[in-house]
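Participant: Need a 3D model of the following:
(4 chains)
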Protein chains: 2
Amino acid sequence: MRILIVEDEPGIFNFLQQGLEEESFSVDIAENGNAGLQLALSGDYDLLLLDWMVPGMSGIEVCRQFRKEFSDTPIIFLTAKDTVDETIFGLQSGANDYIKKPFHFEELLERIKVQLRPKSGEHSLFNLGNITLNTENHQVLKNGKEINLTQKEFALLEFLMRNKGAVCRRTRIIERVWDIHFEYNTGVIDVYINALRKKLQLKADENYIQTIRGIGYMAKEL
Amino acid sequence: MRILIVEDEPGIFNFLQQGLEEESFSVDIAENGNAGLQLALSGDYDLLLLDWMVPGMSGIEVCRQFRKEFSDTPIIFLTAKDTVDETIFGLQSGANDYIKKPFHFEELLERIKVQLRPKSGEHSLFNLGNITLNTENHQVLKNGKEINLTQKEFALLEFLMRNKGAVCRRTRIIERVWDIHFEYNTGVIDVYINALRKKLQLKADENYIQTIRGIGYMAKEL
DNA sequence: TAAATATTTTAAGTAACTCTTAAGAATTGG
DNA sequence: CCAATTCTTAAGAGTTACTTAAAATATTTA
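Facilitator: Numbers count the residues shown, from 1 in each chain, chains lettered A, B, ... in the order given. Okay, here's the model as predicted:
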């Protein structure tokens, strides 16, 4: 994955370059707006990190021009400005996200991953003990034998397996799997967890879907 | 971290409360502006979530009044209104950020963390001797082996470890972990300290949780 | 289109676990 | 040694999750 950083402060872009390269991204730097746009228009990049204020053409202008040619490449603004109208202005000019300076690198990384996720296809195969989940063809196997899951069951299992080893909080599950953003007072999750465990025939010694009482659930290798 | 939500729709505040509590925030609700302001002025909160439109005093008014007394506590508006001038109006009345309804819980969470970050240092990993506590996925390890704690046990250990090396007074513990703000006269803390020591299998030479007689407890490296 | 089938959600009883209380035992400090 | 404090245990209350069945939706088939 290739990332273009348009930023004039060496302190910042060196820091970013090093960090992103350690995450095995390929990083290029442009130190002013014009150079940035030119590089960006080469179409070689999967994501743009634009500083709001760079010498020459401003980050916003780079964003606008670039969007005329490439409508899909995600753009994230780095900005010291934090008033809402400027942010909205930025997003209206075609950015996908913005992050205020000073920021934590971890957060930036997270946002970059969010932007790249849909395009990169990611992995389509996930494993959990003797269970395999294939998002490509929507198949779940246990010990090589196909398990027939409904859509919601599959979506829930996929979410858990994508986050293997991490606690999946109920709120997050209801948002990501059910797309419900308010009004959560239902036991659907419990019912579906139950269905999954049953269909996967998890025995006492195959506790791959653990309950974290009061919090949520976790897919975990044993 | 304590958060006050001023919001009148149960669907929304229940959802928020649950989600934030899963993220180990301590949450209080006020269902109208006046009650909200009164609670807010107690100074017990680290962050305010204000609905733009609530019965009684409006969110904006709450914000204004509150700012007179507390200039540092971050305020985030929840609002259905999305026109820029109204937003600016909100920010001028002293808010730090705003988020449009309907929003994704994770975005709100992210914004809350951004606001709290400068103050909270924002660590999710804590160490104490051979014990590691991870607030992110609610896990405690001792020598790499998972220790299964209940919510309260976890909350207590987290509080002690966040304050490693400092004496935690019983009254403070009962306030922060149990959320009891009036006179306490109970032995819960003792019971839970006992449970922790037992579950963590602290041996004679692993006195990581020390008793400060007459005062409280202290997590301490040896 | 209607009937049949499958999926999703709700609801309610039950089971399992967590929290709190209380009381006696043990320990500490004066 | 005595009084105060803390430790330990166990039991009842309270909460959360599990399970099942039935109702509501959606999808497929005739």
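Participant: Show the contacting residues for A:A219.
Facilitator: A:128, A:160-161, A:163-165, A:168, A:208-210 (CB atoms under 8 Å, 6 or more residues apart in numbering or on different chains). Placement of C-beta: from N, CA and C, glycine included.
Participant: can you pull out the strands in chain A?
Facilitator: Counting by DSSP state E, chain A has strands at residues A:2-6, A:26-30, A:47-51, A:75-79, A:97-100, A:125-128, A:131-134, A:139-142, A:145-147, A:168-169, A:209-212, A:216-219.
Participant: Touching the first one from outside, list them.
Facilitator: Outside of strand A:2-6, the residues within contact range by CB under 8 Å, 6+ apart are A:13, A:16-17, A:20, A:25-33, A:35-36, A:39-40, A:44-51, A:54, A:59, A:62, A:112.
Participant: where are the low-confidence patches of chain A?
Facilitator: Along chain A, segments meeting pLDDT under 70 span A:81-93, A:114, A:117-125, A:183.
Participant: Tell me the residues of it that contact DNA strand D?
Facilitator: Proximity of chain A to DNA strand D (CB under 7 Å from any atom of the strand) is limited to residues A:170, A:187, A:190-191, A:193-195, A:197-198, A:211, A:213-216.
Participant: Need the max-distance pair from the residues you listed.
Facilitator: A:K198 and A:G214 (23.3 Å; CB to CB).
Participant: Between the two, which is the more surrounded one?
Facilitator: Set side by side, A:K198 and A:G214 show more neighbours around A:G214, with 14 against 9, by other CB atoms under 10 Å in any protein chain shown.
Participant: Without its sequence neighbours, what residue ends up closest to that one?
Facilitator: B:Q151 (4.6 Å; CB to CB, 6 or more residues apart in numbering or on different chains).
Participant: what's around that neighbour, how many residues?
Facilitator: 14.
Participant: for A:G36, what are its contacts?
Facilitator: A:4, A:6, A:30, A:50, A:54, A:57, A:62.
Participant: Now with 6 Å, please.
Facilitator: A:6, A:30, A:62 (CB atoms under 6 Å, 6 or more residues apart in numbering or on different chains).
Participant: Closest one of the residues of chain A next to DNA strand D to chain B?
Facilitator: A:G214 (4.6 Å; CB to the nearest CB).
Participant: Next one: that closest one from B:E22, what distance?
Facilitator: Between A:G214 and B:E22 the distance, using CB to CB, to the nearest Å, works out to 8 Å.
Participant: before we move on, what about A:R172?
Facilitator: Taking CB to CB, one finds A:R172 at 8 Å from B:E22.
Participant: Minimum distance to DNA strand C, which residue of chain A gives it?
Facilitator: When scored by CB to the nearest atom of the strand, chain A has A:T150 as its residue closest to DNA strand C, at 2.7 Å.
Participant: how near is that residue to A:L157?
Facilitator: Where A:L157 is concerned, A:T150 sits at a distance of 10 Å (CB to CB).
Participant: How far away from the center of its chain is stretch A:58-69?
Facilitator: From the chain centre to the centre of stretch A:58-69 is a distance of 23 Å (CA atoms, centre = their mean, to the nearest Å).
Participant: can I get the CA coordinates of that stretch in CSV?
Facilitator: In CSV, the C-alpha atoms belonging to stretch A:58-69 read as follows (Å, rounded to 0.1, in the frame of the first residue of the first chain):
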residue,chain,number,x,y,z
SER,A,58,-3.0,24.7,0.0
GLY,A,59,-4.0,21.2,1.1
ILE,A,60,-7.6,21.9,0.4
GLU,A,61,-6.8,23.0,-3.2
VAL,A,62,-4.7,19.9,-3.7
CYS,A,63,-7.7,17.9,-2.4
ARG,A,64,-10.1,19.6,-4.8
GLN,A,65,-7.9,19.2,-7.9
PHE,A,66,-7.1,15.6,-7.1
ARG,A,67,-10.7,14.7,-6.6
LYS,A,68,-11.5,15.8,-10.1
GLU,A,69,-9.4,12.9,-11.4
